[in-house]
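Asker: Predicted model, plus sequence, below.
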Amino acid sequence: MPALPRIPPPRPLADGRDWRRALRDLDPALANLPAGAPAAHILASRGCWQAAEVLYAELVRIQPAQPDLLRSYAQVLRLLGRGEAATAMRKRALEAEVARFGLPEESRAETAGFLAGLEDGAPAPAKLPAAYVAMVFDRYDDYEQRMIERLHYQAPQLLLAAIESALGPGPRPQRILDLGCGTGLMGAAIRHLAVRLDGIDLSSAMVERSRARGIYDLLEAGDLFTLLKARSRAYDLLMAADVCPYIGDLTPFLAVAAQVLVAGGLLAFTVERGESGWSLGGTRRFVHAPEHVREVAAAGRWRVVSLADAVLRTEGDSAVPGLVVVLAAP
């Protein structure tokens, strides 16, 4: 259901909990409106909160896992001054939302808690929950079409140009790992530089699509921090196109990347540009200031090979500013 357009004054009724009578009192033409979410929304938007609460309760009993219905019910409970009940209903709505995407049972509470925290203005976590990120990408059946045709996604081409510039006429990397490989857009762009090309991604659906393309020598699905800890000095080049928008503080990311790269190996990645430090934007993606990238790199004794402004993609009619970064491992 759409959000209630405004908060009207409550309407006094002889029996505020008789939703059918409340509809008739509002407008006789509404008297025979079926018992459903539209009728409940009309009652709530016209100030008949008690009647709306009765109808929402009945609808939720019949459809206990409809996120929009649960959210609307939570709004009415809040308007009635029943704060604890409203909070519990909103939590049910979030849990129903994440359940629809097939998350494992053990991951649903964490993801729902993260989404609730965002709505409540809680401090942003250092990185987004892995299950939430996987959920976001598992749902995109048209990922490549969406990224290329609608969002004008440029990260693979920008990273490839930055990597080739950093390599110059010197030796080419032989072992490359594509972090957040997705459907293989970055892998297809970089394959000609690799003797061995591996890929990892949180989304098992994305990994299966990459596997079908036959670009990678090895593919794994899972959390990059967990998977990288199992590798030591295994690669000459790590790439992370559109991965860091799901990581806040880049310190742990650079630390685990340093363990995987050979000394002097390259880490190439993109971030969406922020003005100060790192923060979670309104699109539930992190943005990073150039100073944060430089400070974290210096603290980990990385050498900044290049750090350049770029337009990574579009969002609606607006360009999304970003940074294309290449670092050399300590």
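Answerer: That came through fine.
Asker: Let me know the average pLDDT across stretch 222-234.
Answerer: Averaging pLDDT along stretch 222-234 gives 90.
Asker: and if you look at stretch 73-90?
Answerer: Averaged across stretch 73-90, pLDDT comes to 91.
Asker: gap between the two ends of it?
Answerer: 8 Å (C-alpha to C-alpha, to the nearest Å).
Asker: so where's the stretch 1-150 of the chain shaky on pLDDT?
Answerer: For the stretch 1-150 of the chain, the stretches with pLDDT under 70 are 1-17, 101-104, 106, 117-122, 135, 139-143.
Asker: can you rerun that using 90?
Answerer: Along the stretch 1-150 of the chain, segments meeting pLDDT under 90 span 1-22, 24-33, 35, 46-47, 65, 67, 87-88, 90-150.
Asker: Helices along that one, start to end?
Answerer: Secondary structure of the stretch 1-150 of the chain (DSSP state H, counting those that start in this stretch): helices at 19-26, 37-45, 49-62, 67-79, 83-99, 105-120, 130-138, 143-145.
Asker: The longest one packs against which elements?
Answerer: Contact partners of helix 83-99 among helices and strands, from 3 or more C-beta pairs under 8 Å, 6 or more residues apart in numbering; DSSP states H and E: helix 67-79, helix 105-120, helix 130-138. For the C-beta atoms, the positions are set from N, CA and C on the backbone; glycine is no exception.
Asker: Nearest to residue 305, out of the helices of the stretch 1-150 of the chain?
Answerer: When these are compared by C-beta to C-beta, helix 130-138 sits nearest residue 305, at 27.6 Å.
Asker: then that closest one to PDB, C-alphas only?
Answerer: Provided in PDB are the C-alpha atoms of helix 130-138 (Å, rounded to 0.1, in the frame of the first residue of the first chain):
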ATOM      1  CA  ALA A 130      26.400 -10.200   3.300                       C
ATOM      2  CA  ALA A 131      22.900 -11.800   3.100                       C
ATOM      3  CA  TYR A 132      21.400  -8.400   2.300                       C
ATOM      4  CA  VAL A 133      23.800  -7.700  -0.600                       C
ATOM      5  CA  ALA A 134      23.300 -11.300  -1.900                       C
ATOM      6  CA  MET A 135      19.600 -10.700  -1.800                       C
ATOM      7  CA  VAL A 136      19.900  -7.400  -3.800                       C
ATOM      8  CA  PHE A 137      21.700  -9.100  -6.600                       C
ATOM      9  CA  ASP A 138      19.900 -12.500  -6.600                       C
END
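Asker: Domain parsing of this protein, as residue ranges.
Answerer: As recorded under automatic domain parsing, the domains making up the chain are 19-100, 136-328.
Asker: I figured residue 99 hits residue 66, correct?
Answerer: No - if you go by C-beta atoms under 8 Å, residue 99 and residue 66 don't touch, sitting 11.2 Å apart.
Asker: Looking only at neighbour counts, state which of the two leads.
Answerer: Taking neighbours as other C-beta atoms under 10 Å, residue 99 and residue 66 compare with residue 66 leading, 19 against 15.
Asker: What pairs with the helix or strand harbouring residue 262, parallel or antiparallel?
Answerer: Using DSSP states H and E, residue 262 maps to strand 261-273. Its sheet considered, strand 261-273 pairs with strand 235-240 (parallel), strand 286-288 (parallel), strand 318-328 (antiparallel) by DSSP bridges.
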